[in-house]
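[1] Take this sequence and fold it.
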Amino acid sequence: MQAANDPERCQSTIPGGQCKHTALPGSDKCAVHAKGLKGDELRYYLLTNKLIGDAARRHAGADEIKSLRDEIAITRAIMERRLNTVKTDAELASAMPQIHSYMMALEKLVSSCHQMEVKLGALLDKTALLTVAQKIINVIDTKITRDMVPERDELIAEIAREIVQAIATQENDL
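    Residues are numbered from 1 along each chain as shown. This is a model prediction of the structure:
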């Protein structure tokens with residue numbers, strides 16, 4: 001980010017005023033405005049920007065619901081970059097409104113992403129998970145006979161406990 005009177009500051013106008021990025025050498029515009037980036041080009045620039053580095057990629061995660069995940073990744077990367085510029089308590093205090101804004105945007109994006117994942121079946125709620133566990137136990141129950149394993153009931157009960165424990169542990173990790 002450049003000071004308002006810096007001659008190397010991008011001369012493009014954005015909704016909040018003058019662009020705050022450094023102009024490219026030999027140009028009066030930054031990389032985004034010099035190229036007139038839009039849509040996917042802008043997204044790619046933000047994901048590969050040398051100032052952000054690989055932060056967006058680290059935050060991106062899986063391929064499902066890619067566009068929202070990209071937005072989450074970019075927001076986290078920008079927030080991380082802003083936090084990394086803070087050196088003193090005074091700087092932190094002055095950055096808090098901006099950081100709060102990033103956090104609110106991030107909360108909305110994550111909430112929307114989660115809702116889409118649930119609607120698309122990418123996530124299972126606790127009830128669905130326990131139903132799947134019960135079906136697994138029923139399959140085991142029908143496939144293992146007392147002839148095969150004399151202590152069949154105890155084995156099935158132990159498997160059921162371990163599956164339920166695995167679900168509970170996973171739920172606590174979230």
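[2] need the strands for the protein, in chain order.
    13-14, 17-18 (DSSP state E).
[3] who does the first one pair up with?
    In other words, strand 13-14. With DSSP bridges as the test, strand 13-14 is paired with strand 17-18 (antiparallel).
[4] Contacts for the strand it pairs with next, please.
    Outside strand 17-18, the residues that touch it by Cβ atoms under 8 Å, 6 or more residues apart in numbering are 4, 9-12. To be clear about C-beta, it is placed using only N, CA and C from the backbone, and glycine gets the same treatment.
[5] Got a PyMOL select line for the buried ones in the residues you listed?
    Per 16 or more other Cβ atoms under 10 Å, the buried members of the contacts of strand 17-18 correspond to this PyMOL selection:
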select buried, resi 9+10+12
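[6] of all the contacts of strand 17-18, which two lie farthest apart?
    Greatest spatial distance among the contacts of strand 17-18 (Cβ to Cβ): 4 and 12, at 13.9 Å.
[7] ok, residue 102 touching residue 82?
    Yes: if you go by Cβ atoms under 8 Å, residue 102 and residue 82 touch, sitting 7.0 Å apart.
[8] circling back: let me know which of the strands of the chain is the nearest to residue 93.
    strand 17-18 (22.7 Å).
[9] so how far is the closest one off the chain centroid?
    Strand 17-18 sits 29 Å away from the centroid of its parent chain (Cα atoms, centre = their mean, to the nearest Å).
[10] tell me the mean pLDDT over it?
    Here strand 17-18 scores 75 as its mean pLDDT.
[11] do the same with stretch 83-97
    According to the model, stretch 83-97 has a mean pLDDT of 89.
[12] who's in contact with that stretch?
    Outside stretch 83-97, the residues within contact range by Cβ under 8 Å, 6+ apart are 82, 99.
[13] what's the straight distance from one end of it to the other?
    End-to-end span of stretch 83-97 (Cα to Cα, to the nearest Å): 12 Å.
[14] and what of stretch 6-17?
    First-to-last residue span, stretch 6-17, Cα to Cα: 15 Å.
[15] what's the neighbour count on residue 165?
    Neighbourhood size, residue 165 [other Cβ atoms under 10 Å]: 10.
[16] now residue 157
    Around residue 157 there are 12 other residues, counting by other Cβ under 10 Å.
[17] Quick one: end-to-end distance for stretch 116-131.
    21 Å.
[18] what mean pLDDT does that stretch have?
    pLDDT averaged over stretch 116-131 gives 70.
[19] Kindly report the same for stretch 138-150.
    Here the average pLDDT along stretch 138-150 is 83.
[20] nearest spatial neighbour of residue 129, skipping sequence neighbours?
    residue 167 (5.2 Å; Cβ to Cβ, 6 or more residues apart in numbering).
[21] pretty sure residue 31 is touching residue 24, no?
    Yes: contact status for residue 31 versus residue 24: in contact at 6.0 Å, counting by Cβ under 8 Å.
[22] That concludes my questions; thank you for your assistance.
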